[in-house]
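**Student:** From the sequence below, what's the structure:
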Amino acid sequence: MRTGLLALSAAGAAVVLVTGPVTAAQAADSRGSITVTPYAVPPGTEVDLRVSGCDGTTGRAYSDAFVSPGVLAPSADRPTLFAEARVKSSAAPGNYEIKVTCDGVDAKVKGTVRVLDHSSPSPRPTPTAPVHAGGGGAAEQLAAVEEGPGTRHALIGLGLTAVAAVAVAFRSVRRRRSTRQ
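**Tutor:** Residues are numbered from 1 along each chain as shown. Purely as a prediction, here's the structure:
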């Protein structure tokens, strides 16, 4: 019993000793982060920026690689801010720094975006809008047409039900006669 307690105490002490410095480093470096999706892009591509660490609700993301600064606004998964920015079509290959201002104040949030060479294979295109597969425009027309079970269908169903009831009754009467004999 004492061996288990000693092992548990040693494991707890090890966890505190290992995670303590990491937690302190994160607290000291709580400037935030920038997530660039996709990270490496050819010139002329649009990237998504997700910024955490801004106290405000608006901001701008600046980079020499961008055509214009990305305008940051609250994202659906708060507390991050979201923006889209287009990489210049004339941007030279390399890593470019991204700096963020939050509500007009220079933030300590920084990140990078990598611009690929024109000759390197570009990433596969991803859909940017739903496919026009039809159906959506026909919904209004289909709703206006009043087809469905009406009096005619009700009478057919009632007739079939009556035929089925007579068939079941006839069969059960025949079974009763054959068992009596």
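
**Student:** so Ser75 touches Leu49, yeah?
**Tutor:** No. Ser75 lies out of contact with Leu49 (C-beta atoms under 8 Å); the separation is 10.0 Å. The C-beta positions use only the backbone N, C-alpha and C, and glycine is treated the same way.

**Student:** Overlap in contacts, the two.
**Tutor:** Residues touching both Ser75 and Leu49 (C-beta atoms under 8 Å, 6 or more residues apart in numbering): Phe82.

**Student:** what about this protein, any weak spots by pLDDT?
**Tutor:** Where the chain drops to pLDDT under 70, the residues are 1-31, 119-148, 177-181.

**Student:** Walking through it, point out its helices one by one.
**Tutor:** In the chain, the helices defined using DSSP state H lie at 2-28, 139-144, 151-180.

**Student:** Can you give me the end-to-end span of stretch 72-79?
**Tutor:** Terminal residues of stretch 72-79 lie 12 Å apart, using C-alpha to C-alpha, to the nearest Å.

**Student:** That one: which residues count as buried?
**Tutor:** Leu72, Ser75 (16 or more other C-beta atoms under 10 Å).

**Student:** Show me the contact partners of it.
**Tutor:** The contact list for stretch 72-79 (C-beta under 8 Å, 6+ apart) reads 49-52, 54, 57-61, 81-83, 100, 102.
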